[in-house]
Each structure stands twice: as structure tokens, then as C-alpha cells.
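Novice: Please work out how this folds:
(2 chains)
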Amino acid sequence: MAPPRLPEQLAELSALLAEMCVAVAGALRRATAALLDRRERLATQVIEGDDRVDALRARVETVATEALLFHAPVAGDLRRVVAAIRAAGDIERMGDLAQHVAEAARRGHPGDLPPEIRQVVAQMGRIGVELALKAAEVVRTRNVLLAVELDGDDDAMDAEHRRILSVLLHPCWSHGVPTAVDLALLARYYERFADHAVVVARETVYAVTGRRPEGLAI
Amino acid sequence: MRDAYQEQLDDLADGLAGMCDEVAAAMGKATRSLLEADLQLAEDVISGDVRVDEVRALAEEKAFALLALQAPVATDLRIVVSAIHAAGDLERMGDLALHVAQAARRRHPQPVLPAEVGPYFAEMGRVAVELATKAGAVIRSRDLTAATELESDDDAMDDLHRHLFTVLMGPDWQHGVGPAIDITLLGRFYERYADHAVAVARRIVYVVTGRMPGPLTV
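Specialist: Residues are numbered from 1 along each chain as shown, chains lettered A, B, ... in the order given. All right, here's what the predicted structure looks like:
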């Protein structure tokens, strides 16, 4: 059987990356719900669902390697294939981080959340899901403007991260050290999830333009 | 032609092994800056991270040149793709050493670590440096036994990390929420650093066990 043509492989790579992004967005949404509403079964579903993301990543690597092997692409096409390999690694990591949130939910940590913390966690979840869905759009459409926009959206996550730390470190914090430690780690998982979404967007900018976003006058 | 090609592959491997040494040195210094509240050392690590990022960019350029100019066949292709992944892991290790140094700088002249957790970090730092150094040695020697050793070193890191946690979460913890959060995140940086070192070693195992004919380079 003849190998698929390069344009078909490139299209498949974009579709796979978008599918991965949508999958990890769903995982983070469910993991956050499991955490906020203490739904252990939902948490377990997220943890078991991560295999699918890993399988999609493996598929990206296979398609990318075949593209390199059969078509020896150059210039923009080569960048696109390599960027897909790298982006798949970042999206897989986003899946792992959603899984960490779900694992905390399943262990019943950090327990019933104080209201001000609930709000921040819910917001971090929302921002993370939005970023992942936007990243899906970026890899599907290869829209550089949207990719650059995503870079700025990450600031909202950083703001929430600072907010949660200020609550935990406030002298009035009355829920003890273990709860604070659990929450600090959770906040870190959300923050890293967002960081990886930004990297996925940057990879796309690089694939399209041949330049890193910081070098772009947008 | 083939010789020039082999030279390019060797060059790529040298670059990666060099990165291992760089990030090992960075983590060694970062740990000392943390343990001794040494601002100068922390600054060294922080300014030195740019160099790691540059070496990564260079390694990627070399990998790209190989892909574009030589159109490597299946087995060599696996090497080049693995090298791209490994460079990403190593860059992240550099970032994690940077985070440790930043924590030391942020709290200076106060020490970040209460006396009872100092030994944990001394030990985690030692294991981290050893892991990165070994990963470099594995790249140079392609020795699979050494690669397996890395996995058990990583288990040692996980044990240290778990013990550290029981100290923070225990009833005897006297230092409040702030230091507990700092230490939690710092512990996580070391753990992730070790994970990435293992990932680098695994990529080499993958390349080696892919039955590479003749002398092998990653």
C-alpha cells in the first residue's frame, strides 16, 4: 500500500492534536467538578480516560515519523511535523495534570473547600478548559492571531494563582497546613496546565511563521 | 557523505550530553544556594539558564538540519526525533533548577528551609545531580545498564519526596503555612527534575533497543 500523501498526513496531524486538546479540556472540566463536588466516580473516570490521550499522542508520533520517512519534508512542512511531535508531548502532559487533579479528588483531598477557595478553584478550572479549547482551535485552524491571543489569556490563570496563594498565606487561614499544601499543589497543576496550552500555541506560531512568538510584531 | 552524516549525529549527541552536564551543575549550585542562603550562587544559576536554552535551540537546529538535508532513514530518524524530545526534557530540567534558585533568591537573606528539612534537600540535590550526570554518561556510552540504574535512583528521589511530605503534614510541623508551601513546591521541582532525567535515559534505551546497527549515537 502506498503511504498517504504529505498533505493528508499534515491534515491528520492537525486533527489529532485538536482531538487531544478537546480531550484534555474535558478531562480538566470533569476533574474540577469531581474536586468541587467530591464525586469520586467522576474522578476515577478521568483517571482511566487518560489512556486515550496517551494513545492519541502515540498516533501523532507514528504519523509524524511516517511523514518524515516517506516524504522528507523541508521548510514549513518540516517545521509543522516537528511542531506536531512537540505539541503532542505538551498536550499529553496537560492530560497528566488533569489526572493529578482527579487523583486529589479521589483521595478526598483537600476535603470540603472553604468558599473563597472554591471560587478560585472553579475559576482556575474554567480558564484551563478555555485555554485547552482555544489551543484546539489554534492547532486546527493554524490561526496565528488566535495563538498570540492565547499567550495573553494565560495571565488570567497567573492572577488566580496569586489569589489562591494570598488566601492560603493570609494570617486568618484556619484550615491547617495539610489543606494549604494540597491546595498549593492543585493550584500548581492548573497553572502548569495553562503553561502547556500556551506552549502548544507557540509551537503552532513557530510552525506557521518559522519564528518564535516573542519575535513577532503582533 | 555518510561520514559527514555520522559526524552530524555525533555532534548532536555531544550537544545533548553537554546539556546534561550544564543542568547537573545548575541543580548542584541551586541546591547549595538554597541550603546556604547564598545569593551569588542563586544569581549564577538564574543568569546561566539562558545558556541552557541556547544549547537547546542549537541542538534543535542540528536535528532540523539532519532531517532536512540528510532525510535519514527509519532507525536514524528515531534518533533524531528522540534527540528533539531529550533536548526538551533537558531544557525543562534547567528551568526547574532555575525555580529552585529563584526560591533561594526570593527569601534571601532568610533561609528558605527550616533546619529539619535541610538534609532532605541536600540529599534530593545530590540525587538530582547524579541523575543528570548519569543521563549524560548514558548518552556518551550508550550503556543500557547505566540507564536502568537511573530508574532506581529516581525511586530514591520519590522516597525522599514522600518522607519530606510526612514531615510537612505531621503534627510536629511548627513553621506554618508559608514555609510548608515553599517546601512542597521545591520538593516537587526536584521530583520533576528526576522524572525528566529518567525520560532522557528512556529515550536512549528506546533508540538502543531499536536494534540500531553499528555504533550508536543519540
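
Novice: for residue B:197, what are its contacts?
Specialist: Going by CB atoms under 8 Å, 6 or more residues apart in numbering or on different chains, residue B:197 touches B:89, B:93, B:128, B:131-132, B:134-135, B:150, B:154. Every residue, glycine included, has its C-beta placed from N, CA and C.

Novice: Phi first, then psi, for the nearest residue to it once chain neighbours are set aside.
Specialist: Leaving aside its sequence neighbours, residue B:197 sits nearest to residue B:131 (CB to CB, 6 or more residues apart in numbering or on different chains; 3.9 Å). With angles defined as degrees, to the nearest 10, residue B:131 sits at phi -60, psi -50.

Novice: just checking, residue B:131 touches residue B:150?
Specialist: Yes - with contact defined as CB atoms under 8 Å, residue B:131 and residue B:150 form a contacting pair (6.0 Å).

Novice: Overlap of the contact sets of the two?
Specialist: With CB under 8 Å, 6+ apart as the test, residue B:131 and residue B:150 both reach B:197-198.

Novice: Look up the closest residue to the closest residue to chain B within chain A, ignoring the ones flanking it.
Specialist: Closest contact between chain A and chain B, by CB to the nearest CB, is at residue A:72 (3.6 Å). Closest residue in space to residue A:72, ignoring its immediate chain neighbours: residue B:71 at 3.6 Å, by CB to CB, 6+ apart.

Novice: Any residues of chain A in contact with chain B? List them.
Specialist: Chain A has residues A:61, A:64-65, A:68-69, A:72, A:74-75, A:78, A:82, A:85-86, A:89, A:165, A:168-169, A:173, A:177-178, A:180-181, A:184-185, A:188 near chain B, with proximity defined as CB under 8 Å from any CB of the partner chain.

Novice: Quick one: buried ones out of those?
Specialist: A:64-65, A:68, A:72, A:78, A:82, A:85-86, A:89, A:165, A:168, A:173, A:177-178, A:180-181, A:184-185, A:188 (16 or more other CB atoms under 10 Å in any protein chain shown).

Novice: Which one of the contacts of residue B:197 is nearest to residue A:139?
Specialist: Nearest to residue A:139 among the contacts of residue B:197, counting by CB to CB, is residue B:89 at 22.0 Å.

Novice: Report how many residues lie close to the closest one.
Specialist: Taking other CB atoms under 10 Å in any protein chain shown as the criterion, the count of residues near residue B:89 is 25.

Novice: how distant is the helix or strand containing it from the center of its chain?
Specialist: Per DSSP states H and E: residue B:89 is located in helix B:74-107. Offset of helix B:74-107 from its chain centre (CA atoms, centre = their mean, to the nearest Å): 6 Å.

Novice: Establish whether it and chain A are in contact.
Specialist: Yes - Helix B:74-107 is in contact with chain A by CB under 8 Å from any CB, via B:74, B:77-78, B:81, B:84-85, B:88.

Novice: circling back to that earlier point, pLDDT value on the residue of chain A closest to chain B, please?
Specialist: We have a pLDDT of 89 for residue A:72.

Novice: Contacts only, for the residue most central in space within chain A.
Specialist: Taking CA atoms, centre = their mean, the centroid of chain A lies closest to residue A:94, which sits 3.8 Å from it. Contact analysis of residue A:94 by CB under 8 Å, 6+ apart lists A:21, A:24, A:28, A:132, A:193, A:196-197.

Novice: What about these, which one has the most neighbours?
Specialist: Going by other CB under 10 Å, residue A:24 tops the contacts of residue A:94 with 34 neighbours.

Novice: so which strand or helix has that one?
Specialist: Using DSSP H and E, residue A:24 falls in helix A:6-37.

Novice: Name the next helix or strand following that helix along the chain.
Specialist: Heading C-terminal from helix A:6-37 (DSSP H and E), you reach helix A:40-71.

Novice: quick one: the helices in chain B?
Specialist: Applying DSSP state H to chain B gives helices spanning B:2-36, B:39-65, B:74-107, B:118-141, B:144-169, B:177-209.

Novice: out of those, nearest to residue A:115?
Specialist: Each of the helices of chain B was scored for nearness to residue A:115 using CB to CB, and the closest is helix B:177-209 (18.4 Å).

Novice: For the spatially most central residue of chain B, which non-adjacent residue is spatially closest?
Specialist: Most central in chain B under CA atoms, centre = their mean is residue B:93, positioned 3.9 Å from the mean C-alpha point. Closest residue to residue B:93 in three dimensions, ignoring its sequence neighbours and counting by CB to CB, 6+ apart: residue B:23, at 4.2 Å.

Novice: tell me the average confidence for the helix ranked longest in chain A?
Specialist: Secondary structure of chain A per DSSP H: the longest helix is helix A:176-209. Here helix A:176-209 scores 94 as its mean pLDDT.

Novice: Quick one: list the elements packing against it.
Specialist: If you count contacts as 3 or more CB pairs under 8 Å, 6 or more residues apart in numbering or on different chains; DSSP states H and E, helix A:176-209 packs onto helix A:6-37, helix A:75-106, helix A:115-141, helix A:144-169, helix B:144-169, helix B:177-209.

Novice: I'd like those as a markdown table, with distance to residue B:50 and mean pLDDT appended.
Specialist: A markdown table is the format used below for the helices and strands packed on helix A:176-209 (distance: least, CB to CB, whole Å; pLDDT from 0 to 100):
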| stretch | distance to residue B:50 | mean pLDDT |
| --- | --- | --- |
| helix A:6-37 | 29 | 97 |
| helix A:75-106 | 20 | 95 |
| helix A:115-141 | 27 | 96 |
| helix A:144-169 | 20 | 93 |
| helix B:144-169 | 27 | 90 |
| helix B:177-209 | 19 | 91 |
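
Novice: of those helices, which approaches residue B:97 most closely?
Specialist: Closest among these, once you apply CB to CB, is helix B:177-209, at 7.1 Å.

Novice: Check the closest residue to chain A within chain B and give its pLDDT.
Specialist: Of all residues in chain B, the one sitting closest to chain A is residue B:71 (3.6 Å; CB to the nearest CB). For residue B:71, the model assigns a pLDDT of 79.

Novice: ok, back up a step: neighbour-wise, which of residue B:131 and residue B:150 wins?
Specialist: Neighbours per residue, other CB under 10 Å: of residue B:131 and residue B:150, the larger number sits with residue B:131, 31 against 25.
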